[in-house]
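Student: heads up, no residue letters with this:
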């Protein structure tokens, strides 16, 4: 099931990337034989169809594991798989509302990479007893990271399109891309949604660690905790700068990527520690 | 019944065959349109007529009973209108008959014969031509069937190819580029600096999409004049930096001999804008905006060459899409002609069946009446026998008539009608048929980046 999911995600990702790079797919009968046949499907519709299938399978997979007693935050691989699902599903839903086919070239490969990672990372042998606070912390952190990942995808596409327009390479933008203003607004929405979730995740995480009596050890011995706070602060600065000082465009996109990069470093540090 | 597959005739001139000097002499003014149509419908050999007159073509579409006589009369009518001898005009006139005439109509409606392939206006103009003929009563079964099918083919071509996807005029390319930055123009502020034809076109298009316009010019009175012309507000030249700070889109098109919007000026404006994107179009020659301005973050500057480059590329893209569209037209033509022949055949086949089956039953009844000893069962068997023989006899002639044999099949129809002295009802109209491609209409969903 998992590898089939990965294969369908990979097909969707390839189609989206191909679309962004100007290679269109047309599925359907040739014009000479097409009378009475349905309209041929073009790249964005084909890719979205594939993605919908992949997301559906992924959802069923997560549901099946839950029924078997493996909840989506019970281990690192499960949590990463949930992040992948949230990125893909979030993008899929948004793509029905906005012209976001080009963003698929970033969002779907990101979800694919996360899913592959989830399948190659081993589960922790000594998973700590989480309790309800620990579960809330991890769930919120996972959702927060997924929402920030979507913001980062939009920021990446913003920078890509900005560069193409500045260099006057219109082929990959005109009629294909998402308007820069829409990308900017959507990225702000994502950060506005992700920030409070991530804030609560940080606070619950701190309380959880304190209750376990590990707060001092965490601050001194584990840099990922400090990194998490730095990422959170970066998104906080971004929100204040955007809403207060009217920051927009490239600077906002770079800061979004910086914040997300920090969040990724937190995860990387966590994985490395467990792998060691 | 006619011996040809479809008795359509097209005679006309277009941008491909005649210079504007000829086309303008043939163009029909709106006031004289009805009279011209009535005159055409009254020509010898013409049963139905429609007239298409645009800046790139003047064409007569006619259903004819005598193609040669009709073509001659139509050519003379065109020559009279142009005020030149028919022989002189003949060098510019093209003529299409039967299937080729239908194909030409399909190509024209689908914008494959247009000066700018894929331009959308032509379909409306063809519809107007058909409507006018309908109002005047000069369109009948043949023209209605051809035009209705042409509209459907044109819609299919637009829906299933990308022939009309990308803009090809400089002003619409400008609008499309701005759309890549802003998505929607609703509530956006457009500042027009100076005035030129191109800036006027772009500004007007943006206004129809919901943008508000402001005009500024070195001469205030000229700015006021332009503001009235554009439906915009006017600002003093001295307020240019402030106006730039408020604008989302700037269109520069002054007659100045050097840059009007310098890098230093735009740097100050840029600081005040706090990263708010600014889309700048410099469509003046010499250019009005210093090229270095493009290096500022969030500021997108395009000049006339950029727009021309995109327009040229889109034009080439349309040409490659046109190959698919031509294939569709050929396929739809075959389908239409097959339907048309079927439509012409159906009443004859029905009449032939009724005639032969009626005769057989009448004979069976006559024989049954002459043998009083026959019981009900025998009478039924006799009726079935007559019916069966008649149907077997009819089978091969029906097959031969229904075969896709073009003109041959049509002459067989005529022969059958004469041989059996059939009274044939008028064919049913074709218009009630389903769309050539039954898929749902899909339009470009570009509004507001959604």
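Tutor: Right, received. Where do you want to start? The structure presented is a predicted model; accordingly, all values stated were derived computationally and were not measured. Numbering: from 1, shown residues only, chains lettered A, B, ... in the order given.

Student: quick one: the helices in the stretch 101-250 of chain B?
Tutor: Listed in chain order, the helices of the stretch 101-250 of chain B (DSSP state H, counting those that start in this stretch) span residues B:121-136, B:141-160, B:170-182, B:197-208, B:220-230, B:240-246.

Student: closest to residue B:61 out of the ones you listed?
Tutor: Nearest to residue B:61 among these is helix B:141-160; the distance by CB to CB comes to 6.3 Å. Every C-beta, even on glycine, is put in place using the N, C-alpha and C of the backbone.

Student: same for the closest one, what does it pack against?
Tutor: The contact analysis (3 or more CB pairs under 8 Å, 6 or more residues apart in numbering or on different chains; DSSP states H and E) places helix B:141-160 against strand B:8-14, strand B:46-53, strand B:57-64, helix B:98-109, helix B:121-136, helix B:304-370.

Student: ok, 6 Å please
Tutor: Contact here means 3 or more CB pairs under 6 Å, 6 or more residues apart in numbering or on different chains; DSSP states H and E; on that basis helix B:141-160 packs against strand B:46-53, helix B:98-109, helix B:304-370.

Student: on that earlier part again, going by mean pLDDT, which of the helices of the stretch 101-250 of chain B comes out lowest?
Tutor: The stretch with the lowest mean pLDDT among those is helix B:197-208, at a mean of 77.

Student: that older thread, so which of the helices of the stretch 101-250 of chain B is nearest residue B:47?
Tutor: Nearest to residue B:47, of all the helices of the stretch 101-250 of chain B, is helix B:141-160, at 7.4 Å by CB to CB.

Student: next, the buried residues of stretch B:9-27.
Tutor: B:9-14, B:18, B:22-23, B:25-27 (16 or more other CB atoms under 10 Å in any protein chain shown).

Student: what of stretch B:307-327?
Tutor: For stretch B:307-327, by 16+ other CB under 10 Å, it's B:307, B:310-311, B:313-315, B:317-318, B:321-322, B:324-327.

Student: roughly how far is it from the heart of the chain?
Tutor: 17 Å (CA atoms, centre = their mean, to the nearest Å).

Student: just the pLDDT at residue A:104, thanks.
Tutor: 92.

Student: my bad, should have said residue A:227
Tutor: The model reports residue A:227 with a pLDDT of 79.

Student: wait, what's in contact with it?
Tutor: Counting by CB atoms under 6 Å, 6 or more residues apart in numbering or on different chains, residue A:227 touches A:262, A:265-266.

Student: which SSE is it in?
Tutor: Using DSSP states H and E, residue A:227 maps to helix A:223-245.

Student: can you redo the helices of the stretch 101-250 of chain B as JSON lines with distance to residue A:148 and mean neighbour count?
Tutor: Shown next, in JSON lines, are the helices of the stretch 101-250 of chain B (distance: least, CB to CB, whole Å; neighbours: other CB atoms under 10 Å in any protein chain shown):
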{"stretch": "helix B:121-136", "distance to residue A:148": "48", "mean neighbour count": "18"}
{"stretch": "helix B:141-160", "distance to residue A:148": "40", "mean neighbour count": "22"}
{"stretch": "helix B:170-182", "distance to residue A:148": "25", "mean neighbour count": "23"}
{"stretch": "helix B:197-208", "distance to residue A:148": "36", "mean neighbour count": "19"}
{"stretch": "helix B:220-230", "distance to residue A:148": "45", "mean neighbour count": "16"}
{"stretch": "helix B:240-246", "distance to residue A:148": "33", "mean neighbour count": "17"}
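
Student: nearest to residue A:209, out of those?
Tutor: The closest of these to residue A:209 is helix B:170-182. By CB to CB, the value is 45.8 Å.

Student: I would like the residues contacting the closest one, please.
Tutor: So helix B:170-182 is contacted by A:173-174, A:177, A:179-181, B:167, B:188, B:198, B:201-202, B:205, B:249, B:277, B:279, B:281, B:307, B:310-311 (CB under 6 Å, 6+ apart).

Student: pLDDT at residue 88, what is it?
Tutor: Since no chain was named, I'll use chain A. 95.

Student: sorry, should have said chain B
Tutor: The model's pLDDT for residue B:88 equals 82.

Student: ok, residue A:80 next?
Tutor: Here, the pLDDT recorded for residue A:80 equals 88.

Student: and the pLDDT at the residue in the stretch 151-300 of chain B that chain A sits nearest to?
Tutor: As assessed by CB to the nearest CB, chain A sits closest to residue B:183 within the stretch 151-300 of chain B, at 3.4 Å. pLDDT recorded at residue B:183 is 86.

Student: before we move on, what about residue A:255?
Tutor: For residue A:255, the model assigns a pLDDT of 88.

Student: who touches stretch B:95-106?
Tutor: For stretch B:95-106, contacts defined as CB under 6 Å, 6+ apart pick out B:4-6, B:8-11, B:67, B:71, B:146, B:150, B:153, B:329, B:333, B:337.

Student: run a quick neighbour tally on residue A:81.
Tutor: Neighbourhood size, residue A:81 [other CB atoms under 10 Å in any protein chain shown]: 26.

Student: quick check: it vs residue B:84, distance?
Tutor: 80 Å (CB to CB, to the nearest Å).

Student: what separates residue B:399 from residue B:265, distance-wise?
Tutor: Taken as CB to CB, the span from residue B:399 to residue B:265 is 83 Å.

Student: compare those two (neighbour count), which wins?
Tutor: Applying other CB under 10 Å to residue B:399 and residue B:265 shows that residue B:265 carries more neighbours, namely 17 against 9.

Student: just the pLDDT for that one.
Tutor: Note for residue B:265: predicted pLDDT of 94.

Student: ok, now which ones touch it?
Tutor: Contacts for residue B:265 (CB under 6 Å, 6+ apart) come out as none.

Student: swap the cut-off to 8 Å and go again
Tutor: Residue B:265 is in contact with B:241, B:244, counting by CB atoms under 8 Å, 6 or more residues apart in numbering or on different chains.

Student: surely the residue of the stretch 151-300 of chain B closest to chain A touches residue A:183?
Tutor: No. The pair formed by residue B:183 and residue A:183 falls short of the contact definition of CB atoms under 8 Å, at 9.4 Å.

Student: among the two, which residue is more densely surrounded?
Tutor: residue A:183 (28 against 23).
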